[in-house]
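Colleague: Coordinates only, no sequence provided:
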């Protein structure tokens, strides 16, 4: 069965977006700095329709991740561009453009039913209103023998984590203290969750940490 | 001049202690699990007056840290055993015993003046009431050509961080989501602080991350 793998970039102080998100700045103040490690990579630029870029150990890691990914699950805020009054706009999808960088089926958790949107380049946006387990099941079917990637936002990650449904966590730690914003791990409301380190890779200006759930 | 180096173990979700600290459980619920990577190491056991233990890459790192450290700065809560009604007890020092594991001069930030306490094995506890810069200055003088280690708690780390006084951060990331407790990086109330990764070392069940302040 396809594994559910979290892929997310977090500041050393635990934030996946800065404060004061807007449609123009969906990652919040300072949030763009989280992803600086990726913007210059050929492996990041190519799926975003950009030419050029570097090839190094970071880009190899991104390539591996893209090869492994057969479907994506994300929350409606990540889909619609951050947290704000626009997040419930039933027609919002301008954030990802006509040729989104996913190139696989994407399943979006939302409370608002909507027809599937077919984009260029293999990306489809399917809106799931009956919960995280249904979204995961649909994504697993779409992924076949590849992995399902959980992309965020933080609230959706927390829901899957609490439900014990995440098989691997790939956290890209940006060398940055944002000081404020959206915390990846917040309000878990659980006892301690033990993890098993699976990989540590030093990037150019990022540290890639991999964890699996520890066996009980 | 002696560098100020933070040495601290943090859960992947950013906590340095669990919730509900008591004198019997100064690291809070689940907090002991943060330090499991260290308890079995010869290099941790020896300064704590315990025999035996393992020698591996983690213990080499602890030995390096001990060799580098000429003085320690900590907060009164770390000195007195966590956050609770006992933290203002002017006579509390039972937590660290007669032969504390530091074996160097320790400077404790507090609002309560008190005579210096001389313990066995080279540890002295000096109480500093005139602020973080004074404590650092006194610790630097005591450390000579070695480093000053900042040990915690979180509130004291945040004060030094905001003042721009920490030269290196050595964060030992425990593979654990505590879900609640005392956050290392909280309420910084600053804009983003850029860091420069200096080392990444994979331990047996811990990841050692080193950062320096990024040049402005």
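Modeller: Sure thing, it's come through. Treat the numbers as computed from the prediction; the structure is a model and nothing was measured.
Colleague: Show me which residues of chain A sit near chain B.
Modeller: Residues of chain A lying close to chain B by C-beta under 8 Å from any C-beta of the partner chain are A:12-14, A:18, A:29-30, A:33, A:161, A:169, A:171, A:173, A:175-180, A:183-185, A:188-197, A:200, A:202, A:205-207, A:209, A:211, A:214. For every residue, glycine as well, the C-beta is placed using N, CA and C.
Colleague: Could you identify the longest strand within chain A?
Modeller: strand A:193-202 (DSSP state E).
Colleague: what's the average pLDDT for it?
Modeller: Strand A:193-202 carries an average pLDDT of 95.
Colleague: In helices only, show me the residues of chain A next to chain B.
Modeller: Among those, DSSP state H puts residue A:161 in helices.
Colleague: Please name every helix or strand in contact with the helix or strand hosting residue A:138.
Modeller: For residue A:138, the element it lies in under DSSP states H and E is helix A:132-143. Using 3 or more C-beta pairs under 8 Å, 6 or more residues apart in numbering or on different chains; DSSP states H and E as the contact test, the elements touching helix A:132-143 are strand A:69-75, strand A:105-109, strand A:124-128, strand A:147-152, helix A:154-162.
Colleague: now the second one, how far from the chain's geometric center?
Modeller: Translated: strand A:105-109. Strand A:105-109 has its C-alpha centroid displaced from the chain centroid by 11 Å (C-alpha atoms, centre = their mean, to the nearest Å).
Colleague: Walk me through which strands whichever helix or strand comes after it pairs with, and which way each runs.
Modeller: Going down the chain from strand A:105-109, the next helix or strand is strand A:117-118, by DSSP H and E. Here strand A:117-118 has these sheet partners by DSSP bridges: strand A:124-128 (antiparallel).
Colleague: Next, the angle helix A:132-143 makes with the partner strand.
Modeller: Per axes from the mean of the first three to the mean of the last three C-alpha atoms, to 10 degrees, the angle that strand A:124-128 makes with helix A:132-143 is 150 degrees.
Colleague: In contact with the most centrally placed residue in chain A: list those residues for me.
Modeller: Nearest to the mean C-alpha position of chain A, counting by C-alpha atoms, centre = their mean, stands residue A:151 at 1.6 Å. Under the criterion of C-beta atoms under 8 Å, 6 or more residues apart in numbering or on different chains, the contact list for residue A:151 reads A:7, A:8, A:72, A:73, A:74, A:78.
Colleague: picking that back up, tell me which of the residues of chain A next to chain B fall in strands.
Modeller: A:169, A:171, A:173, A:176-177, A:183, A:193-197, A:200, A:202, A:207, A:209, A:211.
Colleague: Tell me which helix or strand in chain A has the weakest average pLDDT.
Modeller: helix A:76-80 (a mean of 85; mean pLDDT, DSSP states H and E).
Colleague: in that one, what's buried?
Modeller: A:76, A:77, A:78, A:79, A:80 (16 or more other C-beta atoms under 10 Å in any protein chain shown).
Colleague: thinking again about what came up before, in the longest strand of chain A, what's buried?
Modeller: Buried-residue list, strand A:193-202, by 16+ other C-beta under 10 Å: A:193, A:194, A:195, A:197, A:200, A:201, A:202.
Colleague: same thing with stretch A:42-50?
Modeller: A:42, A:43, A:44, A:45, A:46, A:47.
Colleague: what's the burial count for residue A:5?
Modeller: Around residue A:5 sit 19 other residues, with neighbours defined as other C-beta atoms under 10 Å in any protein chain shown.
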